[in-house]
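S.K.: coords below, sequence missing:
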């Protein structure tokens, strides 16, 4: 069983388990909009720090809140932050990358690429912490902080994908037909780098979930009463010997979501572009 | 080679300059008056004005930037608003926790990842390979601060092998100090070791598929000989890059991990200064860390060019 699972992961047949895990948490997040087992705002001090029971499958926290319900709503926070951050990265990074490739070697290309190098050289979490410190801790600032670091990732990826496409015959044909660089980028280049973007998007999404968890763990993410996985872990830390379940379940949620997204990314890469299939990297 | 070094040196200086401007500007737009937040709401107007004068808040941004950078070049990192001690002293105290922590984590991850990657690649498709890849898949997905908490639960609270946090201090001896850095270093090293293992494995597999390896095999070398004599050396290039890049992740990761273990290092200093709105400290420590990262990457670039002459012309 374990062996079979490992084989599947290693050989890249990971789309199905990865997709299933991802769907599970995405589904929990959507469901939490309409229904959760308990209200996450209802405090039940009489039932605080209860280990898992039938009534509370994942136990309760130090305010007597149901941990399953908190994790469901926390999924919403994590996914929303990571998704918008990927959106920012793609929205800004992809046009920059397309422009840099269309005018390869120009000043624009040079500026974009050097700017990218610089952002890569910064320890991203450190700068994210600085941004949230300056503008205050909130989910929105966490999104911006994580999103900024997605920009160079997508810009660089788009540029390198686009550069090889610009040498293709059909692009030459489009140029002969009189299409401008912007139109060629939009009509011929972009559709052909979409696969790359989807795969990278999945990876950045999972990194975004981890980054959000880290930021909210140190108190720089979503603020109370909005539940977030990172803060649930921070809250559990002082009670870890008394109530290990408070620390274990939110952490499992992060681990499984990130694992699911990573597996899905690997699977998508194999599915969408067999040429990219690497030896299990 | 000289041209290459000069080119990299210019880009190093430009990066440092741009980084310093970005950090300065970011903290420049901070809402609120540091003098007011230091003295509290009941401060007299003339005391406030005197403090603003002392902190140099009355001067223009350009003058303050010049002052800040000029000071750092001669080792003067300014004075903390809250502690009223030189920032350089605060850094000097704490760097002896953060730096050993990062180095310990880096050595741990390298010592685990390189053999594990070689092992997995040399037995491609075997149970060992699958096991290593499965573990690394978990290693990159686990939030390291959570892993740290679980280790505290198991090794500090249940087994009592380690203390749950705090730092013994170097004055208590080398081993007690290393002992208190062990769990934090493992937590920091885990994701890095996982990434590095995967890079090592796939770099080695890529190299093993190259023509010169086939030639070596045809010449009569065994698989193991070809791997150790020819493939490994070439495969180490991407691994070195990642080790260089990891330094920046270790620094960032240390900020959070130091908070899990209550280690009084640079990361905790940044945090405490953020909550105290002690911006001079934040500014200088962040700049110092960014400097460290940029310089490490510069050294890695130069080290490559020394090892691999092809890279001198490539860029």
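M.R.: Received the coordinates, thanks. Given the structure is predicted, the values throughout are model-derived calculations rather than measurements.
S.K.: Provide the count of other residues in contact range of the one residue in the stretch 201-315 of chain B that gets nearest to chain A.
M.R.: For the stretch 201-315 of chain B and chain A, the shortest gap (CB to the nearest CB) falls at residue B:252, measuring 3.5 Å. Any C-beta I mention is one placed from the backbone N, CA and C, and that applies to glycine too. The number of residues packed near residue B:252 is 23, by other CB atoms under 10 Å in any protein chain shown.
S.K.: try residue B:227
M.R.: Residues lying near residue B:227 (other CB under 10 Å) number 20.
S.K.: and if you look at residue B:25?
M.R.: 11.
S.K.: do residue A:86 as well
M.R.: The local packing of residue A:86 (other CB under 10 Å) involves 27 other residues.
S.K.: Report the next helix or strand after the helix or strand that contains it in sequence order.
M.R.: Per DSSP states H and E, residue A:86 falls inside helix A:67-102. Using DSSP H and E, the helix or strand that follows helix A:67-102 in sequence is helix A:107-121.
S.K.: buried ones in that next one?
M.R.: Using 16 or more other CB atoms under 10 Å in any protein chain shown as the test for burial, helix A:107-121 gives A:109, A:112-113, A:116, A:118-121.
S.K.: try stretch B:270-280
M.R.: Buried-residue list, stretch B:270-280, by 16+ other CB under 10 Å: B:270-271, B:273-274, B:276-280.
S.K.: end to end, how far does it reach?
M.R.: 10 Å (CA to CA, to the nearest Å).
S.K.: Could you pull up the mean pLDDT of it?
M.R.: For stretch B:270-280, mean pLDDT rounds to 79.
S.K.: Same check on stretch B:248-255?
M.R.: Averaging pLDDT along stretch B:248-255 gives 78.
S.K.: pLDDT wise, what is residue A:273 at?
M.R.: Note for residue A:273: predicted pLDDT of 65.
S.K.: Ignore what I typed, I meant residue A:76.
M.R.: At residue A:76, pLDDT is 90.
S.K.: same thing with residue B:265?
M.R.: 87.
S.K.: what number of residues lie near it?
M.R.: Per other CB under 10 Å, the neighbour tally for residue B:265 reads 26.
S.K.: buried ones in stretch B:7-17?
M.R.: Of the residues in stretch B:7-17, those buried (16+ other CB under 10 Å) are B:8, B:11-12, B:15-16.
S.K.: can you list contacts of that stretch?
M.R.: By CB atoms under 8 Å, 6 or more residues apart in numbering or on different chains, the surrounding residues in contact with stretch B:7-17 are A:114, A:117-118, A:121, B:291, B:294-295, B:298, B:301-302, B:315.
S.K.: what's the most distant pair in those residues?
M.R.: Spanning the widest gap among those are B:291 and B:315, at 22.5 Å by CB to CB.
S.K.: any low-confidence regions in the stretch 101-250 of chain A?
M.R.: A:121, A:123-124, A:133 (pLDDT under 70).
S.K.: one step back: farthest-separated two in the buried residues of helix A:107-121?
M.R.: A:109 and A:121 (18.9 Å).
S.K.: thinking again about what came up before, secondary structure element holding the residue of the stretch 201-315 of chain B closest to chain A?
M.R.: Residue B:252 is part of helix B:232-260, with elements assigned from DSSP H and E.
S.K.: same for the helix holding residue A:86, what does it pack against?
M.R.: The elements that helix A:67-102 packs onto, with contact taken as 3 or more CB pairs under 8 Å, 6 or more residues apart in numbering or on different chains; DSSP states H and E, are helix A:15-34, helix A:107-121, helix A:139-166, helix A:181-184, helix A:190-217, helix A:229-237, helix A:244-272.
S.K.: Of all the ones you listed, which one is nearest chain B?
M.R.: Going by CB to the nearest CB, the one of the helices and strands packed on helix A:67-102 nearest chain B is helix A:244-272, 3.8 Å.
S.K.: Return the set of buried residues in stretch A:38-55.
M.R.: Buried residues in stretch A:38-55, counted by 16+ other CB under 10 Å: A:38, A:40, A:47, A:49-50.
S.K.: tell me which element the residue of the stretch 101-250 of chain A at minimum distance from chain B is part of?
M.R.: Evaluated by CB to the nearest CB, the stretch 101-250 of chain A has residue A:125 as its residue closest to chain B, separated by 3.5 Å. Element membership for residue A:125, per DSSP H and E: helix A:124-135.
S.K.: related to what we said a few turns ago, tell me the one of the buried residues of stretch B:7-17 nearest residue A:189?
M.R.: residue B:11 (28.6 Å).
S.K.: what about that closest one, which helix or strand?
M.R.: Following DSSP H and E, one finds residue B:11 within helix B:2-28.
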